[in-house]
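Asks: Structure, please.
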Amino acid sequence: MAKISGGTDVYLIPGDPITNVRAPRMFNKVFERCGLDAVMLPVQVRERDFAVWLKATFLARNVKGVIIAPPHKPQVVHLLDSCGLVARVARSVNIVRRTSEGQLEGDLFDGEGILGALDWFNIPYRGKRVLILGAGVSAAAIGVSLAQGGTTQGAEFIAFYDPVPGKAIGLATELDGFFDANVVAVDSSDPAGYDLVVNASAVGLGNDDPLPCDVDRMEPHAALFDILLRNQPTLLVRAARSRGLHAQPGFEMLIQQMPFYLDYFGLPEAAQMVREDANFVRELIYPPALAAEITQPLRYHSASVA
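Replies: Reported below is the predicted structural model:
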């Protein structure tokens, strides 16, 4: 890391807890490679203190931007002067900057992350049937991004499942009314009949957690994407792969968001560098069990899918 001085640009990532945040290592490596006098630091902020903290933080003129970590993403929408369409629909924000007029604006790039990851692995989603497990803020962002491309550039059919009564149907109803894709809530996590299953729930963070769906019920051509970053490869990913299915952990979703973050912070050269070759960032977050997939990623292939 470069020497920190009074001229160093500061970026922060608030969360609670912050033990497992990966973004500071990733951003600081990019800053170092690009010769930028900048640093990103994690800060632990309690949920009840977050609104006051966010407003006060941007009073510091050398604070250039903030990446939002859980559990604060849903709060941010109501604290900003403006935010992007996806953030408004998903009611969640994961990046904030100060404009030249001194206003706070934000956006949500979880969707760009999932679409970039699916394209990276050649996983088909355009015109396909997708089951999203979970109906929280990440699931909402993923659903918005899959739906906003319409039935040709986006998914044709999107189903949300969440064990909390009413949670999935509320999200599905909102998205179905907003986009052309057919969006519904289902009362089962049964993956039969879907081309893609996305685990956007917290099931799998614990070593004793049950599988969020029965991979034996997945179609032979179906793919699975588990957005979790901890405990990867999760039992779900391992179970799907053992069946010969294409299954991916969530690291690439984070990698694919990086250029969008950097562009949003006004660092286009850094963004382009990551777009051209992000393997040096992957090396920071991929666990040893998946290290070989950095240079030899497992691409989706199915003779039955165009």
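Asks: Which pLDDT value belongs to the most centrally placed residue in the chain?
Replies: Using CA atoms, centre = their mean, the residue of the chain that lies closest to the mean C-alpha position is Asp110, 3.5 Å off. Asp110 is assigned a pLDDT of 91 by the prediction.
Asks: any idea which element the closest residue to Pro268 other than its chain neighbours lies in?
Replies: Spatial nearest neighbour of Pro268, chain neighbours left out: Leu262 (7.5 Å); criterion: CB to CB, 6 or more residues apart in numbering. C-betas here are computed from N, CA, C, even on glycine. Under the criterion of DSSP states H and E, Leu262 resides in helix 251-264.
Asks: Contacts made by that helix with the rest, please.
Replies: With contact meaning CB atoms under 8 Å, 6 or more residues apart in numbering, helix 251-264 is reached by 22-23, 26-27, 30, 65, 67, 95, 97, 107, 109-110, 112-117, 120-121, 225, 227, 229, 232, 268, 270-272, 274-275, 278, 281-282, 285-286, 290.
Asks: Restricted to strands, list those residues.
Replies: Using DSSP state E, the members of those that fall in strands are 65, 67, 95, 97, 107, 225.
Asks: Compare those residues and tell me which is most surrounded.
Replies: Most neighbours among the ones in strands among the contacts of helix 251-264, by other CB atoms under 10 Å: Phe225, with 27 neighbours.
Asks: Distance-wise, check that one relative to Gln232.
Replies: Relative to Gln232, Phe225 is positioned 12 Å away (criterion: CB to CB, to the nearest Å).
Asks: which residues are common contacts for those two?
Replies: Gly250.
Asks: residue contacts, the residue nearest to Pro249 when sequence neighbours are not counted?
Replies: Spatially, and ignoring its direct neighbours in sequence, Pro249 is nearest to Gln232 (3.9 Å; CB to CB, 6+ apart). Applying CB under 8 Å, 6+ apart, we find Gln232 in contact with 226, 249-251, 287, 289-290.
Asks: Over to Gln272?
Replies: Under the contact definition (CB under 8 Å, 6+ apart), the residues listed for Gln272 are Pro259.
Asks: Which pLDDT value goes with it?
Replies: According to the prediction, Gln272 has pLDDT 98.
Asks: let's have the chain start at 784 instead
Replies: Fine by me, first position is 784 from now on; the one you just mentioned is Gln1055.
Asks: Tell me how far it lies from Pro1042.
Replies: Gln1055 sits 7 Å away from Pro1042 when distances are taken as CB to CB.
Asks: again with Ala1061
Replies: Taking CB to CB as the measure, Ala1061 and Pro1042 are separated by 8 Å.
Asks: burial measure for Val846, as a count.
Replies: Burial of Val846 is recorded as 16 neighbouring residues (other CB under 10 Å).
Asks: I'd guessed it sits against Leu795; true?
Replies: Yes. With contact taken as CB atoms under 8 Å, Val846 and Leu795 are classed as touching, separated by 6.5 Å.
Asks: list residues touching both of the two?
Replies: With contacts defined as CB under 8 Å, 6+ apart, the residues adjacent to both Val846 and Leu795 are Thr840.
Asks: So Ala1061 and Pro1042 - more neighbours on which side?
Replies: Per other CB under 10 Å, whichever of Ala1061 and Pro1042 has more neighbours is Pro1042, with 23 against 19.
Asks: Low-confidence stretches in the stretch 784-933 of the chain?
Replies: Scanning the stretch 784-933 of the chain for pLDDT under 70 picks out 784-785.
Asks: got the residue ranges for the helices in it?
Replies: 806-817, 833-840, 856-859, 868-873, 893-903, 920-930, 933-936 (DSSP state H, counting those that start in this stretch).
Asks: Just say which of those is most tucked in.
Replies: With neighbours defined by mean count of other CB atoms under 10 Å, none of the helices of the stretch 784-933 of the chain is more surrounded on average than helix 920-930, at a mean of 27.
Asks: got the angle for that helix vs helix 1034-1047?
Replies: Inter-element angle recorded for helix 920-930 and helix 1034-1047: 80 degrees (by axes from the mean of the first three to the mean of the last three CA atoms, to 10 degrees).
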